[in-house]
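Student: Okay, predicted coordinates and the sequence, questions at the end:
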Amino acid sequence: MASDEPRPGLVPGPSRRAGTLFAALYGELTPRPDRIPVTDRDPYIQFHDRAQAMGWLDNLWGMNDAGREHPLAAPGSALVTWFQVGIESVPGDRPLPVQPFLRCAGDVTTRLGELRLDAAQVLLPAYSLDTSARAEHARAPSLSTAAWFDDVRSATPVLVTVDSGQNPVVPVVAQRMHRWLVSLPQNVFRCEALVEREPVPPPLPDSFWHGPPRHRVTFQGTLAEWSLDAIGWLGGFLADLAAREGAAVPLLLTVSRATAIGP
């Protein structure tokens, strides 16, 4: 296979730092009554067009794939939609583009129907962050936008799991990440405790990361609002924290409502 030939999980090009952002949304989707019943505009086409309209396509990511069902989804997992893009190394003054990525995923999903979101899984390529270019006072670029959520009061109890698969690095840095979550000036995710939690297996080939899931930590707390916007911000922030603590590896993030039962 040629080095510039497209492959699942990678965008064309020679960069060795290219990584994959993958999102799986779980819950219940009530079809829109006004949606045209027969159309060739599937989630892939819709995501491509939405990302292009917002100026994100080829600036923040390149398209890979998207859909409703996934052959690797766990039975009974209530998977609604999934999306996959490829990104290059992220500039030092920016977080991973998880927030716009999930915003785009949410926009596409709501074109299909009304979403009752129970959980979201996101693969975070934390190794794509250029942490060496960050000054000490700017080690977590996500903090500069945390105040966006300060003027709402709809806090939701959540469970937030970060998994490094077969790589044991996450349990090693879990306590330090917990201290940062508690001490840094942000009100998006109020972390309360470390708990045990085994989320639904992701619809991901193990080759995309160091899968299957194994080494994880789960933070219990409250999210400022139950939205893909807030989950996206949290994903970028946690990738910042992991990278600064030496866990610059592919990380699987699962955020679920604490009241949600089962996968």
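Tutor: Alright, I've got the coordinates.
Student: in this structure, which spans are helices?
Tutor: With DSSP state H, the ranges of helices along the chain come out as 43-53, 98-112, 169-183, 228-244.
Student: Looking at those, spot the one closest to residue 32.
Tutor: Closest to residue 32 of the helices of the chain, according to CB to CB: helix 98-112, at 6.8 Å. Where you see a C-beta, it was placed from the backbone N, CA and C, and this is true even at glycine.
Student: who touches that closest one?
Tutor: 21, 23, 25, 29, 31-32, 35, 43, 46-47, 50-51, 54, 56, 60-61, 66, 68, 80-81, 83, 85, 115, 120, 122, 124, 227-229, 231-233, 235-236, 239 (CB atoms under 8 Å, 6 or more residues apart in numbering).
Student: follow-up on the earlier one: quick one, which of the helices of the chain is packed in tightest?
Tutor: helix 228-244 (a mean of 26; mean count of other CB atoms under 10 Å).
Student: buried residues in stretch 212-227?
Tutor: Neighbour counts over stretch 212-227 (16 or more other CB atoms under 10 Å) mark 213, 215-224, 226-227 as buried.
Student: returning to what we had before: which among the helices of the chain is found nearest to residue 154?
Tutor: Short answer: helix 228-244, nearest of the helices of the chain by CB to CB, at 9.5 Å.
Student: Could I get the CA-only coordinates of the closest one as PDB?
Tutor: The C-alpha coordinates for helix 228-244 follow below in PDB (Å, rounded to 0.1, in the frame of the first residue of the first chain):
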ATOM      1  CA  LEU A 228     -22.200  17.200  23.200                       C
ATOM      2  CA  ASP A 229     -20.800  20.700  23.400                       C
ATOM      3  CA  ALA A 230     -19.800  20.200  27.100                       C
ATOM      4  CA  ILE A 231     -18.600  16.600  26.500                       C
ATOM      5  CA  GLY A 232     -16.500  17.900  23.600                       C
ATOM      6  CA  TRP A 233     -14.900  20.500  25.800                       C
ATOM      7  CA  LEU A 234     -14.200  17.900  28.400                       C
ATOM      8  CA  GLY A 235     -12.600  15.600  25.900                       C
ATOM      9  CA  GLY A 236     -10.100  18.300  24.800                       C
ATOM     10  CA  PHE A 237      -9.400  19.200  28.400                       C
ATOM     11  CA  LEU A 238      -8.700  15.600  29.500                       C
ATOM     12  CA  ALA A 239      -6.500  15.000  26.500                       C
ATOM     13  CA  ASP A 240      -4.500  18.200  27.600                       C
ATOM     14  CA  LEU A 241      -4.200  16.800  31.100                       C
ATOM     15  CA  ALA A 242      -3.200  13.300  30.000                       C
ATOM     16  CA  ALA A 243      -0.500  14.600  27.600                       C
ATOM     17  CA  ARG A 244       1.000  17.000  30.100                       C
END
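Student: between the buried residues of stretch 212-227, which is closest to residue 186?
Tutor: The closest of the buried residues of stretch 212-227, once distances to residue 186 are taken by CB to CB, is residue 224, at 9.2 Å.
Student: Now the phi/psi pair for the closest one, please.
Tutor: The phi and psi values for residue 224, taken as degrees, to the nearest 10, are phi -50, psi -40.
Student: Nearest residue to it in space, please, no chain neighbours.
Tutor: Leaving aside its sequence neighbours, residue 224 sits nearest to residue 149 (CB to CB, 6 or more residues apart in numbering; 4.0 Å).
Student: Residue 62 versus the one you found, what's the distance?
Tutor: 29 Å (CB to CB, to the nearest Å).
Student: cool, residue 154 as well?
Tutor: 34 Å.
Student: How about residue 152?
Tutor: Residue 152 is 33 Å from residue 62, by CB to CB.
Student: Compare those two (neighbour count), which wins?
Tutor: A count of neighbours by other CB atoms under 10 Å puts residue 62 above the other of residue 152 and residue 62, at 18 against 12.
Student: Kindly state the beta-bridge partners for the more buried one.
Tutor: residue 86 (DSSP bridges).
Student: Hmm, it is touching residue 86, no?
Tutor: Yes - the pair residue 62 / residue 86 is scored as a contact, 4.9 Å apart, by CB atoms under 8 Å.
Student: So, low pLDDT: which residues of the stretch 151-263 of the chain?
Tutor: 260-263 (pLDDT under 70).
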